[in-house]
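Student: What follows is a protein structure lacking sequence information:
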(Lines give C-alpha, C1' and ligand atoms only; values in the text may rest on other atoms or scores of the structure.)
Protein backbone atom coordinates (compact mmCIF):
# COMPACT_ATOMS: atom_id res chain seq x y z
CA UNK A 1 0.00 0.00 0.00
CA UNK A 2 1.00 3.67 -0.32
CA UNK A 3 1.89 5.57 2.82
CA UNK A 4 3.21 9.09 3.43
CA UNK A 5 6.23 8.84 5.73
CA UNK A 6 8.86 11.15 7.19
CA UNK A 7 12.12 9.59 8.34
CA UNK A 8 13.59 12.85 9.63
CA UNK A 9 12.29 16.02 11.25
CA UNK A 10 12.08 19.03 9.01
CA UNK A 11 10.06 21.01 6.45
CA UNK A 12 7.17 19.68 4.39
CA UNK A 13 9.41 18.07 1.78
CA UNK A 14 10.64 15.44 4.26
CA UNK A 15 7.25 13.73 3.71
CA UNK A 16 7.49 11.12 0.95
CA UNK A 17 4.93 8.64 -0.39
CA UNK A 18 6.39 5.11 -0.31
CA UNK A 19 5.19 1.51 -0.41
CA UNK A 20 4.58 -0.28 2.90
CA UNK A 21 2.92 -3.55 3.90
CA UNK A 22 -0.80 -3.48 4.70
CA UNK A 23 -1.29 -3.65 8.50
CA UNK A 24 -2.06 -7.12 9.88
CA UNK A 25 -5.49 -7.34 11.50
CA UNK A 26 -5.39 -8.55 15.10
CA UNK A 27 -8.40 -10.16 16.87
CA UNK A 28 -9.79 -6.87 18.23
CA UNK A 29 -8.93 -4.70 15.23
CA UNK A 30 -10.69 -3.13 12.28
CA UNK A 31 -8.80 -2.59 9.00
CA UNK A 32 -10.04 0.52 7.22
CA UNK A 33 -9.59 1.32 3.54
CA UNK A 34 -8.91 5.05 3.79
CA UNK A 35 -10.97 7.36 1.58
CA UNK A 36 -9.94 10.65 3.21
CA UNK A 37 -7.78 11.99 6.01
CA UNK A 38 -6.50 15.43 7.06
CA UNK A 39 -3.32 17.37 7.66
CA UNK A 40 -3.52 19.35 10.89
CA UNK A 41 -1.31 21.86 12.65
CA UNK A 42 -0.58 19.22 15.29
CA UNK A 43 0.78 16.82 12.68
CA UNK A 44 2.90 19.53 11.08
CA UNK A 45 4.44 20.21 14.49
CA UNK A 46 5.11 16.47 14.90
CA UNK A 47 6.78 16.43 11.47
CA UNK A 48 9.02 19.32 12.53
CA UNK A 49 9.81 17.66 15.87
CA UNK A 50 8.23 20.50 17.83
CA UNK A 51 8.06 21.41 20.59
CA UNK A 52 11.51 20.15 21.49
CA UNK A 53 10.35 18.64 24.79
CA UNK A 54 7.91 16.56 22.72
CA UNK A 55 10.81 14.63 21.20
CA UNK A 56 10.80 12.46 24.30
CA UNK A 57 7.70 10.94 22.68
CA UNK A 58 8.35 11.65 19.00
CA UNK A 59 11.99 10.55 18.91
CA UNK A 60 15.11 12.44 19.96
CA UNK A 61 17.00 12.69 16.64
CA UNK A 62 14.53 11.24 14.15
CA UNK A 63 10.90 10.11 14.27
CA UNK A 64 10.23 6.83 16.00
CA UNK A 65 9.36 4.12 13.47
CA UNK A 66 5.71 3.82 14.55
CA UNK A 67 5.23 7.60 14.24
CA UNK A 68 6.67 8.05 10.75
CA UNK A 69 3.29 7.72 9.03
CA UNK A 70 1.13 10.52 10.39
CA UNK A 71 -2.62 10.95 10.10
CA UNK A 72 -5.02 11.46 13.00
CA UNK A 73 -8.42 11.71 11.32
CA UNK A 74 -9.84 9.14 8.96
CA UNK A 75 -12.95 8.25 7.01
CA UNK A 76 -13.28 5.15 4.93
CA UNK A 77 -14.72 1.68 4.49
CA UNK A 78 -14.11 -1.32 6.72
CA UNK A 79 -11.99 -3.76 4.73
CA UNK A 80 -11.66 -6.53 7.33
CA UNK A 81 -12.33 -7.17 11.02
CA UNK A 82 -10.60 -9.29 13.63
CA UNK A 83 -12.06 -12.52 15.01
CA UNK A 84 -13.32 -10.83 18.20
CA UNK A 85 -15.01 -7.86 16.51
CA UNK A 86 -18.82 -7.80 16.50
CA UNK A 87 -19.55 -4.05 16.21
CA UNK A 88 -18.30 -3.54 12.64
CA UNK A 89 -18.49 -5.53 9.41
CA UNK A 90 -16.65 -5.30 6.08
CA UNK A 91 -18.26 -2.64 3.93
CA UNK A 92 -19.30 -0.38 6.82
CA UNK A 93 -18.59 3.30 6.23
CA UNK A 94 -16.82 4.74 9.29
CA UNK A 95 -15.00 7.80 10.58
CA UNK A 96 -12.64 8.05 13.51
CA UNK A 97 -9.45 9.13 15.22
CA UNK A 98 -6.17 7.21 15.32
CA UNK A 99 -4.79 8.99 18.38
CA UNK A 100 -1.22 8.25 19.39
CA UNK A 101 -1.07 5.39 16.88
CA UNK A 102 -1.43 7.87 13.94
CA UNK A 103 -1.07 6.17 10.52
CA UNK A 104 -4.07 7.45 8.53
CA UNK A 105 -1.91 8.98 5.76
CA UNK A 106 -2.00 5.68 3.89
CA UNK A 107 -4.22 3.43 1.79
CA UNK A 108 -5.11 1.39 4.89
CA UNK A 109 -5.06 2.01 8.62
CA UNK A 110 -5.68 -0.37 11.52
CA UNK A 111 -7.72 0.75 14.53
CA UNK A 112 -9.02 -1.08 17.60
CA UNK A 113 -12.74 -1.75 17.24
CA UNK A 114 -13.34 -0.32 20.73
CA UNK A 115 -11.34 2.83 19.96
CA UNK A 116 -12.37 6.22 18.57
CA UNK A 117 -14.42 4.85 15.69
CA UNK A 118 -18.08 5.26 14.69
CA UNK A 119 -20.39 4.88 11.69
CA UNK A 120 -19.92 7.73 9.22
CA UNK A 121 -22.80 10.23 9.15
CA UNK A 122 -24.81 9.18 6.11
CA UNK A 123 -25.36 12.75 4.89
CA UNK A 124 -21.63 13.54 4.78
CA UNK A 125 -19.12 12.78 2.06
CA UNK A 126 -15.93 10.98 3.04
CA UNK A 127 -14.08 14.29 2.67
CA UNK A 128 -16.45 16.03 5.09
CA UNK A 129 -16.44 13.13 7.53
CA UNK A 130 -12.64 13.06 7.77
CA UNK A 131 -12.73 16.75 8.69
CA UNK A 132 -15.43 16.26 11.33
CA UNK A 133 -13.50 14.27 13.91
CA UNK A 134 -10.71 15.89 15.90
CA UNK A 135 -11.65 19.58 15.70
CA UNK A 136 -15.27 18.93 16.60
CA UNK A 137 -14.60 16.50 19.43
CA UNK A 138 -11.81 18.66 20.87
CA UNK A 139 -14.12 21.69 20.93
CA UNK A 140 -16.81 19.56 22.56
CA UNK A 141 -14.38 18.29 25.19
CA UNK A 142 -13.27 21.76 26.26
CA UNK A 143 -16.60 23.58 26.04
CA UNK A 144 -19.01 20.96 27.36
CA UNK A 145 -16.90 18.64 29.48
CA UNK A 146 -14.33 21.04 30.93
CA UNK A 147 -16.02 24.46 31.02
CA UNK A 148 -19.68 23.33 31.27
CA UNK A 149 -20.73 26.06 28.85
CA UNK A 150 -24.45 26.83 28.89
CA UNK A 151 -27.11 29.54 28.54
CA UNK A 152 -26.08 32.93 29.88
CA UNK A 153 -22.36 32.34 29.45
CA UNK A 154 -20.25 34.76 27.44
CA UNK A 155 -17.65 32.75 25.52
CA UNK A 156 -14.71 34.05 23.50
CA UNK A 157 -13.18 31.77 20.86
CA UNK A 158 -9.65 32.75 19.84
CA UNK A 159 -8.65 31.25 16.48
CA UNK A 160 -12.28 30.95 15.43
CA UNK A 161 -11.57 30.21 11.75
CA UNK A 162 -9.42 27.12 12.34
CA UNK A 163 -10.23 23.42 12.51
CA UNK A 164 -11.13 23.58 16.21
CA UNK A 165 -12.40 27.15 16.22
CA UNK A 166 -15.04 26.73 13.51
CA UNK A 167 -16.62 23.93 15.53
CA UNK A 168 -16.17 25.77 18.83
CA UNK A 169 -18.22 28.73 17.60
CA UNK A 170 -21.06 26.46 16.52
CA UNK A 171 -21.01 24.27 19.64
CA UNK A 172 -20.92 27.22 22.04
CA UNK A 173 -24.00 28.61 20.27
CA UNK A 174 -25.64 25.17 20.41
CA UNK A 175 -25.17 25.17 24.18
CA UNK A 176 -26.83 28.57 24.46
CA UNK A 177 -23.83 30.85 24.99
CA UNK A 178 -23.23 34.33 23.62
CA UNK A 179 -20.18 33.94 21.40
CA UNK A 180 -17.42 36.41 20.55
CA UNK A 181 -15.09 35.07 17.86
CA UNK A 182 -11.55 36.26 17.16
CA UNK A 183 -10.02 35.79 13.69
CA UNK A 184 -8.18 37.58 10.90
CA UNK A 185 -9.89 40.13 8.63
CA UNK A 186 -10.31 37.71 5.71
CA UNK A 187 -12.31 35.28 7.86
CA UNK A 188 -14.76 37.65 9.53
CA UNK A 189 -17.65 36.80 7.20
CA UNK A 190 -17.03 33.05 7.51
CA UNK A 191 -17.02 33.12 11.31
CA UNK A 192 -20.11 35.32 11.42
CA UNK A 193 -21.90 32.81 9.17
CA UNK A 194 -21.21 30.12 11.78
CA UNK A 195 -23.31 31.99 14.32
CA UNK A 196 -20.90 34.23 16.23
CA UNK A 197 -22.70 37.10 17.95
CA UNK A 198 -19.64 39.34 17.68
CA UNK A 199 -16.47 39.00 15.61
CA UNK A 200 -13.17 40.64 16.54
CA UNK A 201 -10.51 41.22 13.89
CA UNK A 202 -7.34 40.57 15.86
CA UNK A 203 -5.37 43.00 13.64
CA UNK A 204 -7.63 45.83 14.79
CA UNK A 205 -8.39 44.97 18.42
CA UNK A 206 -6.77 43.00 21.26
CA UNK A 207 -9.47 41.12 23.13
CA UNK A 208 -7.36 41.04 26.31
CA UNK A 209 -8.09 44.76 26.71
CA UNK A 210 -11.79 43.91 27.29
CA UNK A 211 -11.90 43.84 31.08
CA UNK A 212 -14.20 41.50 33.05
CA UNK A 213 -16.12 40.52 29.93
CA UNK A 214 -16.06 36.75 29.37
CA UNK A 215 -16.97 33.68 31.39
CA UNK A 216 -14.82 31.49 29.15
CA UNK A 217 -11.84 32.24 26.91
CA UNK A 218 -11.15 29.24 24.65
CA UNK A 219 -7.81 29.73 22.89
CA UNK A 220 -7.84 27.12 20.14
CA UNK A 221 -4.47 28.24 18.77
CA UNK A 222 -2.73 29.16 22.05
CA UNK A 223 -1.77 32.60 20.75
CA UNK A 224 -2.65 34.35 24.01
CA UNK A 225 -1.69 33.49 27.59
CA UNK A 226 -3.52 33.20 30.88
CA UNK A 227 -1.52 36.08 32.33
CA UNK A 228 -2.86 38.33 29.55
CA UNK A 229 -6.33 36.83 29.13
CA UNK A 230 -7.32 36.62 32.80
CA UNK A 231 -8.09 40.33 32.97
CA UNK A 232 -10.76 39.68 30.32
CA UNK A 233 -12.37 36.98 32.47
CA UNK A 234 -15.21 37.61 34.86
CA UNK A 235 -14.93 36.38 38.46
CA UNK A 236 -14.71 32.59 38.37
CA UNK A 237 -13.97 32.63 34.64
CA UNK A 238 -12.15 29.84 32.81
CA UNK A 239 -9.24 29.97 30.38
CA UNK A 240 -9.01 26.97 28.04
CA UNK A 241 -5.74 26.51 26.10
CA UNK A 242 -5.33 23.54 23.77
CA UNK A 243 -1.53 23.29 24.09
CA UNK A 244 1.42 24.70 26.02
CA UNK A 245 3.49 23.07 28.78
CA UNK A 246 3.31 26.23 30.88
CA UNK A 247 -0.46 26.01 30.92
CA UNK A 248 -0.28 22.76 32.88
CA UNK A 249 1.55 24.67 35.60
CA UNK A 250 -1.05 27.46 35.49
CA UNK A 251 -3.80 24.84 35.77
CA UNK A 252 -2.25 23.41 38.92
CA UNK A 253 -1.65 26.85 40.43
CA UNK A 254 -5.15 28.16 39.74
CA UNK A 255 -6.74 24.94 41.04
CA UNK A 256 -4.99 25.51 44.36
CA UNK A 257 -5.79 29.22 44.53
CA UNK A 258 -9.39 29.12 43.30
CA UNK A 259 -11.05 31.98 41.43
CA UNK A 260 -10.22 32.27 37.75
CA UNK A 261 -9.07 28.89 36.43
CA UNK A 262 -6.93 27.43 33.69
CA UNK A 263 -8.42 24.12 32.53
CA UNK A 264 -6.32 21.75 30.44
CA UNK A 265 -6.71 18.24 29.13
CA UNK A 266 -6.54 16.00 26.08
CA UNK A 267 -9.46 14.61 24.13
CA UNK A 268 -7.84 11.30 23.18
CA UNK A 269 -10.64 8.71 23.36
CA UNK A 270 -13.41 10.11 21.20
CA UNK A 271 -15.67 7.06 21.08
CA UNK A 272 -18.40 8.59 23.25
CA UNK A 273 -18.20 12.01 21.57
CA UNK A 274 -18.48 10.85 17.94
CA UNK A 275 -22.17 9.83 18.05
CA UNK A 276 -23.08 13.22 19.57
CA UNK A 277 -21.14 15.07 16.87
CA UNK A 278 -22.65 12.80 14.24
CA UNK A 279 -26.19 13.66 15.37
CA UNK A 280 -25.48 17.41 15.04
CA UNK A 281 -23.95 16.88 11.61
CA UNK A 282 -26.94 14.84 10.43
CA UNK A 283 -29.41 17.45 11.69
CA UNK A 284 -27.52 20.28 10.00
CA UNK A 285 -26.75 22.02 13.30
CA UNK A 286 -23.03 21.61 12.69
CA UNK A 287 -21.23 22.59 9.47
CA UNK A 288 -17.93 21.21 8.23
CA UNK A 289 -15.54 23.79 6.78
CA UNK A 290 -13.08 22.37 4.25
CA UNK A 291 -10.51 24.83 2.92
CA UNK A 292 -8.59 22.69 0.42
CA UNK A 293 -8.19 19.08 -0.65
CA UNK A 294 -5.05 17.36 -1.93
CA UNK A 295 -4.47 13.85 -3.28
CA UNK A 296 -2.18 11.63 -1.24
CA UNK A 297 0.54 12.01 -3.88
CA UNK A 298 0.65 15.77 -3.13
CA UNK A 299 0.53 15.50 0.66
CA UNK A 300 3.76 17.51 1.04
CA UNK A 301 1.92 20.45 -0.55
CA UNK A 302 -0.82 20.05 2.06
CA UNK A 303 1.83 20.25 4.79
CA UNK A 304 3.26 23.40 3.24
CA UNK A 305 -0.16 25.03 3.12
CA UNK A 306 -0.93 24.21 6.76
CA UNK A 307 2.55 25.40 7.78
CA UNK A 308 1.72 28.82 6.28
CA UNK A 309 -0.83 29.30 9.07
CA UNK A 310 -3.72 30.69 7.06
CA UNK A 311 -6.03 27.73 6.57
CA UNK A 312 -9.78 28.10 7.07
CA UNK A 313 -11.26 25.12 8.80
CA UNK A 314 -9.72 21.88 7.55
CA UNK A 315 -7.27 20.63 4.93
CA UNK A 316 -8.24 17.20 3.61
CA UNK A 317 -6.16 14.57 1.83
CA UNK A 318 -8.08 12.22 -0.48
CA UNK A 319 -6.85 8.65 -0.65
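Tutor: Cool, the structure landed. Being a predicted model, the structure only gives us computed values, none of them experimental.
Student: pretty sure residue 194 is in contact with residue 166, am I right?
Tutor: Yes - Residue 194 lies in contact with residue 166 (Cβ atoms under 8 Å); the separation is 6.1 Å. Using the backbone N, CA and C atoms, a C-beta is placed for each residue, glycine as well.
Student: More neighbours: these two, which one.
Tutor: Taking other Cβ atoms under 10 Å, residue 194 and residue 166 do not tie; residue 166 has more neighbours (31 against 23).
Student: re earlier: anything in contact with each of residue 194 and residue 166?
Tutor: Common contacts of residue 194 and residue 166, defined by Cβ atoms under 8 Å, 6 or more residues apart in numbering, comprise 160, 287, 289.
Student: List the buried residues for stretch 9-23?
Tutor: 9, 12, 14-15, 17, 20, 22-23 (16 or more other Cβ atoms under 10 Å).
Student: now the strands for the stretch 51-200 of the chain?
Tutor: Listed in chain order, the strands of the stretch 51-200 of the chain (DSSP state E, counting those that start in this stretch) span residues 73-81, 93-97, 108-112, 117-119, 154-158, 178-183, 198-201.
Student: As JSON lines, the ones you listed with mean neighbour count would be great.
Tutor: Output for the strands of the stretch 51-200 of the chain, formatted as JSON lines (neighbours: other Cβ atoms under 10 Å):
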{"stretch": "strand 73-81", "mean neighbour count": "23"}
{"stretch": "strand 93-97", "mean neighbour count": "24"}
{"stretch": "strand 108-112", "mean neighbour count": "22"}
{"stretch": "strand 117-119", "mean neighbour count": "21"}
{"stretch": "strand 154-158", "mean neighbour count": "28"}
{"stretch": "strand 178-183", "mean neighbour count": "26"}
{"stretch": "strand 198-201", "mean neighbour count": "17"}
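Student: and residue 257, which of the ones you listed is closest to it?
Tutor: Nearest of those to residue 257, taken as Cβ to Cβ: strand 154-158 at 22.1 Å.
Student: what residues does that closest one touch?
Tutor: The contact list for strand 154-158, computed with Cβ under 8 Å, 6+ apart, reads 143, 147, 149, 165, 168-169, 172, 177-182, 196, 207, 213-221, 223-224, 232, 234.
Student: For residue 214, list each beta-bridge partner.
Tutor: Residues in a beta bridge with residue 214, per DSSP bridges, are residue 233.
Student: which outside residues touch stretch 50-63?
Tutor: By Cβ under 8 Å, 6+ apart, the list of residues contacting stretch 50-63 from outside reads 6-9, 45-46, 49, 64, 67, 245.
Student: Would you check how far apart the residue lying closest to residue 187 once chain neighbours are set aside and residue 306 are?
Tutor: Leaving aside its chain neighbours, residue 187 sits nearest to residue 161 (3.7 Å; criterion: Cβ to Cβ, 6 or more residues apart in numbering). Separation of residue 161 from residue 306 (Cβ to Cβ, to the nearest Å): 14 Å.
Student: Then residue 277?
Tutor: From residue 277 to residue 306 the distance is 22 Å (Cβ to Cβ).
Student: just residue 33 next, same as before
Tutor: Counting by Cβ to Cβ, the separation of residue 33 from residue 306 is 25 Å.
Student: What of residue 183?
Tutor: Distance, residue 183 to residue 306, by Cβ to Cβ: 17 Å.
Student: Tell me the pLDDT of the residue nearest to residue 187.
Tutor: pLDDT, the model's per-residue confidence, is 97 for residue 161.
Student: and it, how many residues sit next to it?
Tutor: Neighbours of residue 161 (other Cβ under 10 Å): 27.
Student: one step back: tell me which of residue 33 and residue 306 has more neighbours.
Tutor: residue 306 (25 against 16).
Student: That one reaches residue 39, doesn't it?
Tutor: Yes - if you go by Cβ under 8 Å, residue 306 and residue 39 touch, sitting 5.2 Å apart.
Student: and for those two, which residues touch both?
Tutor: Contact with both residue 306 and residue 39 is made by residues residue 315, according to Cβ under 8 Å, 6+ apart.
Student: Quick check: PyMOL command selecting the buried ones in the contacts of strand 154-158.
Tutor: The PyMOL command for the buried members of the contacts of strand 154-158 (criterion: 16+ other Cβ under 10 Å) is given here:
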select buried, resi 143+147+149+165+168+169+172+177+178+179+180+181+182+196+207+213+214+215+216+217+218+219+220+221+224+232
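Student: ok, now which ones touch residue 39?
Tutor: By Cβ under 8 Å, 6+ apart, the neighbours of residue 39 are 70, 105, 294, 299, 302-303, 305-306, 315, 317.
Student: Now render those residues as JSON lines, adding distance to residue 89, pLDDT and secondary structure.
Tutor: Shown next, in JSON lines, are the contacts of residue 39 (distance: Cβ to Cβ, whole Å; pLDDT from 0 to 100; DSSP: H, G, I helix; E, B strand; the rest coil):
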{"residue": "70", "distance to residue 89": "28", "pLDDT": "98", "secondary structure": "coil"}
{"residue": "105", "distance to residue 89": "25", "pLDDT": "98", "secondary structure": "coil"}
{"residue": "294", "distance to residue 89": "31", "pLDDT": "98", "secondary structure": "strand"}
{"residue": "299", "distance to residue 89": "30", "pLDDT": "98", "secondary structure": "helix"}
{"residue": "302", "distance to residue 89": "32", "pLDDT": "98", "secondary structure": "helix"}
{"residue": "303", "distance to residue 89": "34", "pLDDT": "98", "secondary structure": "helix"}
{"residue": "305", "distance to residue 89": "36", "pLDDT": "98", "secondary structure": "helix"}
{"residue": "306", "distance to residue 89": "34", "pLDDT": "98", "secondary structure": "helix"}
{"residue": "315", "distance to residue 89": "31", "pLDDT": "98", "secondary structure": "strand"}
{"residue": "317", "distance to residue 89": "26", "pLDDT": "98", "secondary structure": "strand"}
